[in-house]
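*Asks:* Here is a sequence together with a model predicted from it:
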Amino acid sequence: GDSVTQMEGPVTLSEEAFLTINCTYTATGYPSLFWYVQYPGEGLQLLLKATKADDKGSNKGFEATYRKETTSFHLEKGSVQVSDSAVYFCALSDRGNAGGTSYGKLTFGQGTILTVHP
Amino acid sequence: EPEVTQTPSHQVTQMGQEVILRCVPISNHLYFYWYRQILGQKVEFLVSFYNNEISEKSEIFDDQFSVERPDGSNFTLKIRSTKLEDSAMYFCASTGQFGELFFGEGSRLTVL
């Protein structure tokens, strides 16, 4: 079945450091890929997505590129801020855009806790 | 900004008791979901609901679980006879036909 593997956490960085959180996946077909973020005390929020190979999702300075050849979707940010401290989840949907089906059934990675110090 | 709301935020119950977790999805959304996250583990899909019926469910979603949309706004998850291993954070989510999944803040269930 489908699966998502994220790098082990937690990750602790100083403000303005470069961030990479690795994510690799196993899926049949052509999944859509997502990064979700969960700030303390809040629900999961979509950070960015990519629906086909070589697409780059970006939002709030974060980027991730859908790499089919390496089955990866690594999250990067050039300069993190204290406010980026949160749990980050990589996820996939096997529904893609076919037939207008929603992206709703997601397979998640285990989450990576990011703490950014001033 | 529209949001998914869940109640209660935390519920403590005794093993064997029935629990109902409530969710109010975003009003014009069509698909509704429950996910759960056992402490320290992955977020797992439980069930999806569309057009007033279950469209898909995972192997976790056994006969102890049920979902219902009793009126035009609420979407509930019922656990008939709770077990210790049902202790988890339960997330409700909704989406329109093509859009992203919007999650609620979660309901933490503790079974003693």
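*Replies:* Arrived safely, thanks for sending. What you see is a predicted model, and the numbers here were worked out from it, not measured in a lab. Numbering: from 1, shown residues only, chains lettered A, B, ... in the order given.
*Asks:* So which residues of chain B form strands?
*Replies:* Per DSSP state E, chain B carries strands over the ranges B:5-7, B:10-13, B:19-24, B:31-37, B:43-50, B:53-57, B:65-68, B:75-79, B:88-95, B:102-103, B:107-111.
*Asks:* possible to save those as CSV with mean pLDDT?
*Replies:* Below are the strands of chain B laid out as CSV (pLDDT from 0 to 100):
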stretch, mean pLDDT
strand B:5-7, 95
strand B:10-13, 97
strand B:19-24, 97
strand B:31-37, 94
strand B:43-50, 93
strand B:53-57, 90
strand B:65-68, 96
strand B:75-79, 97
strand B:88-95, 94
strand B:102-103, 90
strand B:107-111, 97
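*Asks:* Could I get the ones you listed in CSV, plus columns for distance to residue A:108?
*Replies:* C-beta here means a position set from N, CA and C on the backbone, and glycine is covered the same way. Below are the strands of chain B laid out as CSV (distance: least, Cβ to Cβ, whole Å):
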stretch, distance to residue A:108
strand B:5-7, 18
strand B:10-13, 22
strand B:19-24, 19
strand B:31-37, 8
strand B:43-50, 4
strand B:53-57, 16
strand B:65-68, 19
strand B:75-79, 18
strand B:88-95, 10
strand B:102-103, 11
strand B:107-111, 18
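*Asks:* Would you reformat these as a markdown table and include distance to chain A and mean neighbour count?
*Replies:* Shown next, in a markdown table, are those (distance: least, Cβ to the nearest Cβ, whole Å; neighbours: other Cβ atoms under 10 Å in any protein chain shown):
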| stretch | distance to chain A | mean neighbour count |
| --- | --- | --- |
| strand B:5-7 | 8 | 17 |
| strand B:10-13 | 12 | 14 |
| strand B:19-24 | 11 | 19 |
| strand B:31-37 | 5 | 25 |
| strand B:43-50 | 4 | 20 |
| strand B:53-57 | 6 | 13 |
| strand B:65-68 | 14 | 17 |
| strand B:75-79 | 13 | 19 |
| strand B:88-95 | 5 | 24 |
| strand B:102-103 | 4 | 23 |
| strand B:107-111 | 11 | 19 |
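*Asks:* For residue A:67, which of those strands is the nearest?
*Replies:* strand B:43-50 (23.1 Å; Cβ to Cβ).
*Asks:* just to revisit the earlier point, out of the strands of chain B, which is closest to residue A:54?
*Replies:* Closest to residue A:54 of the strands of chain B, according to Cβ to Cβ: strand B:88-95, at 25.0 Å.
*Asks:* tell me what that closest one is packed against?
*Replies:* When contacts are defined as 3 or more Cβ pairs under 8 Å, 6 or more residues apart in numbering or on different chains; DSSP states H and E, strand B:88-95 packs onto strand B:5-7, strand B:19-24, strand B:31-37, strand B:75-79, strand B:102-103, strand B:107-111.
*Asks:* Skipping its backbone neighbours, what lies nearest residue 29 in space?
*Replies:* You didn't say which chain, so I picked chain A. Leaving aside its chain neighbours, residue A:29 sits nearest to residue A:94 (6.1 Å; criterion: Cβ to Cβ, 6 or more residues apart in numbering or on different chains).
*Asks:* oops, chain B please
*Replies:* Closest residue to residue B:29 apart from its sequence neighbours, by Cβ to Cβ, 6+ apart: residue B:94 at 3.9 Å.
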